[in-house]
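**Q** No sequence on hand, only this structure:
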């Protein structure tokens, strides 16, 4: 009887391992997450993403800092840019964002980050 119970447990563990592997295989890669973050932020804010200045995987999903053009000016060096912290779940769906700084394109950052 112990042998049957052990085989059942082994089968359950194998199925669980296979299911976890399939779920991992379904998760998007870094480039897909990056593109999704830029697209979703643009749709929500109406602002164009200029660049991604930081990008990392976290326990909750992904954390990015995206630079966006907030106000175009002439000359371009006077345009206002902003850095947004963007959080995504493991599947690349935006879960939150916030502006962390705002600056003129032609100005250097006055503080070290």
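**A** Noted; the coordinates are in hand. Here the structure is a predicted model, which means the values were calculated and not measured.
**Q** Pass me the low-pLDDT residue ranges in this structure, would you?
**A** The model of the chain has pLDDT under 70 over residues 1-8, 16-25, 108-113.
**Q** if I look at residue 56, how far off is residue 92?
**A** 14 Å (CB to CB, to the nearest Å). C-beta here means a position set from N, CA and C on the backbone, and glycine is covered the same way.
**Q** More neighbours: which of the two?
**A** residue 92 (20 against 9; other CB atoms under 10 Å).
**Q** show me the contacts for that one.
**A** 28, 32, 33, 36, 37, 61, 62 (CB atoms under 8 Å, 6 or more residues apart in numbering).
**Q** What distance do you get for the nearest residue to residue 72 once chain neighbours are set aside to residue 93?
**A** Nearest non-adjacent residue to residue 72, counting by CB to CB, 6 or more residues apart in numbering: residue 79, 5.1 Å away. Residue 79 sits 30 Å away from residue 93, going by CB to CB.
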